Structure formats: structure tokens, C-alpha cells
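Undergrad: The amino acid sequence is not available; the structure is as follows:
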């Protein structure tokens, strides 16, 4: 039971992290292609605020404050009672709404469909963008080496 | 029919609803004996509408809240944490305490401030069965001549008023009715 819960939590953390980092237009395009969103009620309307991002040196050191970032959050409940939370970077309220709806749907029977049509393509797109950026930066890499130090 | 969850019942429009409730809370505290109606939140039982609305308005992650007796249920804790982020604490550390008069227990266990910082005291939100402008006679700041309010325990509240400038402040809630008694109000028993 505890293991099952842990696995579920890890999976949910993965998709919520992905949605939080996802670029606005990419997410909205994929989400728009899914079709009519299901009906829902707000538990917490979208609101913009700041959060302090904390980090640990090397992942194990003492926590320190990295800096503040803008976050939009909202919570909603589907008609069947599934609760979804959306926490996304930036000020886009419709992105927070989409993220909360996806989070809720990922806990229902529609999970596989959403995973195939939103989560997987989104994660691929973000990975490609990251690789492309890294490749572009790598192309400008300069190799430094010393031929003669000229001292002796 | 909308789905109900343990998180339902917050403000529909938080800035507007909270501003209305805050105005009402300020008014009743400034004019002891006056009763105002507040609404906006639909808190889980046994929390009343007025007490729930007041908690959503006043609490945030930096105010410790003590839930007394029957109010200290998982449902109420979850609801309060989701909407305000307020940490739940024991009576001696609390900034706000909620409950019926009997369950809140002796006033001496709550912080009454220090001479340097009289504001570091607990504000008690007392759930009452009934709230009427009748009973004990009140005089003091904010009251033109005298006012009347049905108070749960006059001797204990008089002892609290005698601590002025220290002491606790009180909100009384019943359904959607809200009244208040600051520590500066003098209480006279009838007769």
C-alpha cells in the first residue's frame, strides 16, 4: 500500500513538474488539440504570487534561498470529485487552469489518453529544445591549451 | 450539482470577500456590542459560517491557529490548511483560537501579550449558540453611552479586561453573526 502510494506520488510529481516548467504556447497547443475540456468547479481560482525557490548545494547541503519566482496556482474539482492542482511558472492563468485539469484527468480513466496526447509529446518537445540549445552552445565551445608558456 | 470535496467552501472571489469580511471584523471590534452578518465561506461542520469566513480572512502561514475540542477534526484541519496555510498549534502558542467557550478552557493558558508588545496576544474566536444585543452592559472606547451583548462568562471576561493593556481580544460568532469584545471594554453585570 505504502509502495503503491509512493509510486503514484512519484508519477504525479513528474507530470506536475513537467507542467510547471512547460512553455506556455507548447502546452496550450497540445491541450487545445485534446478537445473540449470537462466541466469543473473552482476550489481556488487562479491567483498569481511569488514563491521562494530553495536549493541545497550538491543536493545534500544546508538549504539556502536561491531567489523568488512568479508562480500561478489554482485548484479545481471535476464533476466526479477528482481534485486537480495546477502550479505553473509565470503569470498565465489559462496555463494554470490547463495544468490543473491535466493533473485531475491524469488521476482518472482518461490518464492514458492524456499521457499519449499531452504529457509524452510535451516532454519530448522540451527535451528536444534542451538538446538543441545545448548543441548550439556546444558549437561555440573554445578549446584552450598552452603551447609555450614563454617563461623559460 | 457540483462535486463536494474536503477543500470546497472557500471564497469565490477571495480579494472581494475577504475585504468585506475584514471590514465587518474591524467594525465590530471598533464598536463592541454591534453585530454584523458575514458570509462567503462554507466551512466544514462544526465550524460556523462566520467563524470560517473570519479564519479565511485573518489567517495566513504566519498565524498559528488553535482548534479547541470538537473543532479539531481532520476535515477542519485540511480545509484550513488548504485555504490559509496556517499552522495548527497548541493553546499557549496560538495567535488565534477557535472553539466554544467551554472547550476553549481557562483564559490563563492563552498569551496576553507583554508590556513591551501587548499585541502579541491571542485573539479568541468564540462559537456561541446565540448572539443577542442583550445581557451584560458594556462601556468604553467605541461605545457612545452603553451597549449590551450576550457574553458567555462575565467574570472571566471582566478579569481579562482588568489586565488592560494586556489581555486577549474576542470575536463571538453564531451562524453568520459576528460581534467582538476588545480588552479595552469595561463590563458591568446587570442589576
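TA: Everything's here; your move. Since we're looking at a predicted model, the values are computed, not measured. Numbering: from 1, shown residues only, chains lettered A, B, ... in the order given.

Undergrad: Any stretches of chain B with poor pLDDT?
TA: For chain B, applying pLDDT under 70 flags the ranges B:1-4, B:190-191.

Undergrad: name the element the most centrally placed residue in it belongs to?
TA: The residue lying closest to the centre of chain B (C-alpha atoms, centre = their mean) is residue B:125, at 2.3 Å. Taking DSSP states H and E as the criterion, residue B:125 maps to strand B:123-127.

Undergrad: May I have the strands that pair with the helix or strand following that strand, each with its orientation?
TA: Using DSSP H and E, the helix or strand that follows strand B:123-127 towards the C-terminus is strand B:136-139. Partner strands for strand B:136-139, per DSSP bridges, with pairing direction: strand B:147-149 (antiparallel), strand B:186-188 (antiparallel).

Undergrad: need those strands in JSON lines with distance to residue B:84 and mean neighbour count, can you?
TA: All C-beta atoms are positioned from the backbone trio N, CA, C, and that covers glycine. JSON lines is the format used below for those (distance: least, C-beta to C-beta, whole Å; neighbours: other C-beta atoms under 10 Å in any protein chain shown):
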{"stretch": "strand B:147-149", "distance to residue B:84": "28", "mean neighbour count": "19"}
{"stretch": "strand B:186-188", "distance to residue B:84": "31", "mean neighbour count": "17"}
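
Undergrad: can I get the ones you listed in CSV with distance to residue B:69?
TA: Below are those laid out as CSV (distance: least, C-beta to C-beta, whole Å):
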stretch, distance to residue B:69
strand B:147-149, 23
strand B:186-188, 25
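
Undergrad: top helix in chain B by residue count?
TA: Longest helix in chain B, counting residues (DSSP state H): helix B:14-30.

Undergrad: Those residues of chain A touching chain B, which are they?
TA: Counting by C-beta under 8 Å from any C-beta of the partner chain, the residues of chain A close to chain B are A:41-45, A:47, A:75, A:77-81, A:83.

Undergrad: List buried residues within those.
TA: Applying 16 or more other C-beta atoms under 10 Å in any protein chain shown to the residues of chain A next to chain B, the neighbour count classes A:42-45, A:75, A:77-78, A:83 as buried.

Undergrad: Of those, which pair is most distant in space?
TA: The span of those, defined through C-beta to C-beta, is set by A:45 and A:78 at 16.0 Å.

Undergrad: coming back round to it: and the strand holding residue B:125, which residues are buried?
TA: Neighbour counts using 16+ other C-beta under 10 Å place B:123-127 of strand B:123-127 among the buried residues.

Undergrad: Strands - which of the buried ones among the residues of chain A next to chain B land there?
TA: Judged by DSSP state E, these include A:42-45, A:75, A:77-78, A:83 as members of strands.

Undergrad: can you pull the buried residues of the helix or strand bottoming out on mean pLDDT in chain A?
TA: The helix or strand of chain A with the lowest confidence, counting by mean pLDDT, DSSP states H and E, is helix A:2-21 at a mean of 83. Buried residues in helix A:2-21, counted by 16+ other C-beta under 10 Å: A:15-16, A:18-20.

Undergrad: what does stretch B:7-19 give?
TA: Those would be B:7-11, B:14, B:17-18, for stretch B:7-19 by 16+ other C-beta under 10 Å.

Undergrad: out of the residues you listed, which touch chain A?
TA: Restricting the buried residues of stretch B:7-19 to those near chain A - C-beta under 8 Å from any C-beta - leaves B:7-8, B:10, B:14.

Undergrad: In TSV, list those residues along with secondary structure and distance to residue B:49.
TA: Shown next, in TSV, are these (DSSP: H, G, I helix; E, B strand; the rest coil; distance: C-beta to C-beta, whole Å):
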residue	secondary structure	distance to residue B:49
B:7	coil	17
B:8	coil	14
B:10	coil	13
B:14	helix	16
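
Undergrad: Of those, which is the nearest to residue A:5?
TA: Closest to residue A:5 out of those is residue B:7 (19.5 Å), distances taken as C-beta to C-beta.

Undergrad: Give the full set of residues in contact with that closest one.
TA: A:43-44, A:75, A:77, A:83, B:78-79, B:82-83 (C-beta atoms under 8 Å, 6 or more residues apart in numbering or on different chains).
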